[in-house]
Structures are given as structure tokens and as C-alpha cells.
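Peer 1: Using only what follows, build the 3D model:
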Amino acid sequence: SSGGSGLNDYEYLRFDGGVRDIIFNETGQDIDVRMEGDSNSALFFLDASADSIGIGTTSPSTLLHLKGASGEGMPLRLHRPNEGGANYGVGIEFVMGETGDASAERVYGELSMAMDGASGNAAGGSAHDGYFAIRPSLNGAPTERMRITSDGATVTGDLTATGGDITANRGSTTSSLTRTLTLGGARNGTNEFARINLDNYDSDGGVSYTGVRLSAWNNPDGVNDGRFTIKTNNANAGLVTALTVDSDTTITTASDLTVGGNLIVSGDSITVNAETITTEEAMLSLGIGQTAEGVDLLDYGFYGTYN
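Peer 2: Okay, the predicted model is just below:
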């Protein structure tokens with residue numbers, strides 16, 4: 001009753017031997033439950049009016065609300081005491097219903113932490129390596145898309161940074177430190193196996209396009225060679241190869257080559273339109289082009305001989 005007045009005679013607790021249940025608030029009244037700890041007065045709180053449970057709070061805002069102390073950074077621990085091998089771990093499963101069946105319990109994703117490799121559960125408190133895995137559901141089956149290990153992260157599928165940058169900092173000032181960005185493809189024959197698109201959004205025209213593409217290819221012989229191309233886009237007419245570097249280090253441009261400084265040839269010859277110029281020294285300076293009748297199409301000023 002309330003204050004001994006007898007105005008609110010509710011059933012608070014029921015012991016049901018027929019179904020072997022202990023039931024609190026069987027009639028569904030607005031009756032809260034609070035359990036105190038030694039120093040936490042809201043160690044467990046059932047808020048009947050909100051149909052919520054608070055741990056560490058008397059004002060739960062969700063079905064289950066955990067609030068740690070001011071100096072407690074991890075108020076929740078998931079613990080699996082059994083020992084196991086690699087990939088043995090513990091996690092959280094995300095389940096929802098479906099159209100027409102709210103209780104279907106379809107798994108839409110998983111977050112898990114597991115042992116990484118043979119040393120993941122070594123006895124003695126050392127070499128306990130672990131990895132964190134994100135597995136969204138693909139056709140109803142949780143499929144790993146990201147794994148963060150003790151020494152890095154691996155993404156399966158596309159990685160998109162929307163509204164932000166992808167930055168690989170050095171992370172250390174140690175000398176002889178090298179960072180590597182690797183794009184791995186699987187193609188044979190004369191095919192593009194890895195590429196980087198440099199995209200832009202033209203706010204004036206409201207157009208998104210790829211302005212430049214850097215690509216790696218198999219060479220025409222397709223025997224584990226590498227060819228590098230740079231493609232550019234003019235007036236959004238499509239990507240066109242501007243520069244090619246073949247596996248034999250031959251460099252080919254698709255149109256004019258403008259040199260802002262000196263053009264220095266370290267070899268002993270240069271070929272222009274199938275005509276070969278042999279130099280006496282490992283340097284060649286190109287002069288002004290001539291088109292007058294009776295002279296060569298190009299007149300060269302250089303130290304050497306022209307055959």
C-alpha cells in the first residue's frame with residue numbers, strides 16, 4: 001500500500017509454483033525497482049513507466065542504458081572464459097524482424113573480437129593477439145568486410161571515404177621508415193589490374209566526373225609485366241591516355257611534349273620520325289624547327305653528328 005493508507009493495494013511479488021516462476025509486478029503497475037551497491041545508489045534501476053532498465057542511472061533513455069562512473073571508460077565487458085584456437089572470440093549480433101514478421105530474427109550484422117593466430121591464447125598473459133571484425137549481412141549471411149588486427153587493418157571490397165580524407169601518417173619519427181599503399185588486382189592478358197581515380201565535382205555545372213586516372217596494366221605479352229598509364233579528361237569527353245610507361249621503361253606521350261627547362265639526353269642517340277641522330281657526347285640540345293624547301297624538317301643544334 002502507499003504510505004500505509006491502503007489506497008494502492010498492488011501485488012508486488014508472486015511466487016508461482018505451477019510454472020516455477022518468480023514474478024515482480026504481475027499486474028503491470030507503475031512500480032520501479034532500485035538496487036543499491038556499496039557506493040552506487042543506482043546500480044540497477046527498473047523504470048516501470050519508461051519500460052526501461054538502467055545500470056548506473058535512474059533515468060534510462062533506452063531499453064537498456066549503461067552509465068559508467070566518471071573514471072570508468074569501459075562499463076561493459078563481454079567475457080568468454082573457454083579457451084580456444086585462432087578465430088575463437090566473442091561479439092555482438094544485430095538482429096531485426098522483416099516485413100510481415102516482426103519476430104523473424106534476421107541477422108543483419110556482427111561485431112566480434114577474436115584470437116589472432118596460434119599465439120592468440122598463449123598461457124601466462126603474454127602474446128595475446130586479437131583482431132576486431134565487422135561482418136554485415138550479405139544475402140542473410142554475415143560476411144566479413146573489415147578486420148583490424150594488432151598490426152593493421154584489412155578491408156574486403158570497396159573503401160569509400162564520404163566527406164573526409166584518407167590519410168596515412170608516418171606514425172613515427174624513426175629513420176628508415178617506409179609506408180606502402182598496395183592495390184592488388186587479378187587480371188591476365190593486356191588488362192588493367194589496378195587503378196586510382198581522381199574524381200571531381202564541378203559545383204558550377206553540377207557534374208561529377210573522373211578527371212585523371214592512374215592505372216597499372218599487364219603488357220601486351222601478358223607475362224607478369226607492368227605498364228603504367230596516365231589518362232586525362234578534357235571537357236568531360238572521356239578518359240584518354242596521355243602518357244604510357246612500359247615495362248622496358250619506354251615512355252610514350254599521346255600528343256605534344258612541352259619541356260619547360262632543358263631537354264637532356266643521357267644516351268648517345270635520339271630518333272625523331274624514324275630518323276636517328278647520333279651524338280658525340282651524352283647530351284643533346286634541340287633547336288628551332290625549319291620547314292623551308294631543301295632542308296630537313298627539323299634542324300638540330302647539338303654537339304655531335306647527324307646522319
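
Peer 1: How far away from the center of its chain is the longest strand along the chain?
Peer 2: Selection of the longest strand in the chain by residue count, based on DSSP state E, yields strand 101-115. Mean-position distance between strand 101-115 and its chain equals 21 Å (Cα atoms, centre = their mean, to the nearest Å).

Peer 1: Could you list the buried residues of it?
Peer 2: 109, 110, 112, 113, 114, 115 (16 or more other Cβ atoms under 10 Å). From N, CA and C alone the C-beta is placed, and that goes for glycine too.

Peer 1: Now flag whichever of the residues you listed is closest to residue 102.
Peer 2: residue 109 (18.4 Å; Cβ to Cβ).

Peer 1: Distance of that closest one relative to residue 225?
Peer 2: 42 Å (Cβ to Cβ, to the nearest Å).

Peer 1: re earlier: what lines up beside the longest strand of the chain in the sheet?
Peer 2: strand 89-98 (antiparallel), strand 130-138 (antiparallel) (DSSP bridges).

Peer 1: Of the ones you listed, which is nearest residue 33?
Peer 2: Across the strands paired with strand 101-115, closest to residue 33 is strand 89-98 (Cβ to Cβ), at 26.0 Å.

Peer 1: Among the strands paired with strand 101-115, show me which one is buried the most.
Peer 2: strand 130-138 (a mean of 17; mean count of other Cβ atoms under 10 Å).

Peer 1: Now that strand: average pLDDT?
Peer 2: In this model, strand 130-138 carries a mean pLDDT of 91.

Peer 1: contact partners of that strand?
Peer 2: 89, 91, 106-116, 120, 142-150 (Cβ atoms under 8 Å, 6 or more residues apart in numbering).

Peer 1: Following element in sequence after that strand, please.
Peer 2: Going down the chain from strand 130-138, the next helix or strand is strand 141-142, by DSSP states H and E.

Peer 1: Sheet-wise, list the partners of that next one with their directions.
Peer 2: Partners of strand 141-142 in the sheet, by DSSP bridges, are strand 130-138 (antiparallel).

Peer 1: Please state the offset of the strand it pairs with from the chain centre?
Peer 2: On Cα atoms, centre = their mean, the centre of strand 130-138 falls 13 Å from the chain's centre.

Peer 1: then that strand to CSV, C-alphas only?
Peer 2: Output in CSV follows, covering the C-alpha atoms of strand 130-138 (Å, rounded to 0.1, in the frame of the first residue of the first chain):
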residue,chain,number,x,y,z
GLY,A,130,43.5,-10.3,-31.2
TYR,A,131,41.5,-8.9,-34.1
PHE,A,132,38.3,-7.0,-34.4
ALA,A,133,36.0,-8.0,-37.3
ILE,A,134,33.0,-6.2,-38.8
ARG,A,135,30.6,-8.6,-40.6
PRO,A,136,27.5,-7.0,-42.3
SER,A,137,24.9,-9.4,-43.6
LEU,A,138,25.1,-10.4,-47.3
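
Peer 1: Please report how far the residue nearest the centre of the chain lies from residue 98.
Peer 2: Closest to where the C-alpha atoms of the chain average out (Cα atoms, centre = their mean) is residue 159, at 4.4 Å. For residue 159, the distance to residue 98 equals 29 Å [Cβ to Cβ].

Peer 1: go on, residue 11?
Peer 2: Computed as Cβ to Cβ, the residue 11 to residue 98 distance reads 38 Å.

Peer 1: Need the contact partners of stretch 17-37.
Peer 2: 10-16, 41-49, 58.

Peer 1: Name the SS class of the nearest residue to residue 170 once chain neighbours are set aside, please.
Peer 2: Nearest in space to residue 170, with sequence neighbours left out and distances taken as Cβ to Cβ, 6 or more residues apart in numbering, is residue 177 at 5.9 Å. Look at residue 177: counting by DSSP: H, G, I helix; E, B strand; the rest coil, its state is coil.
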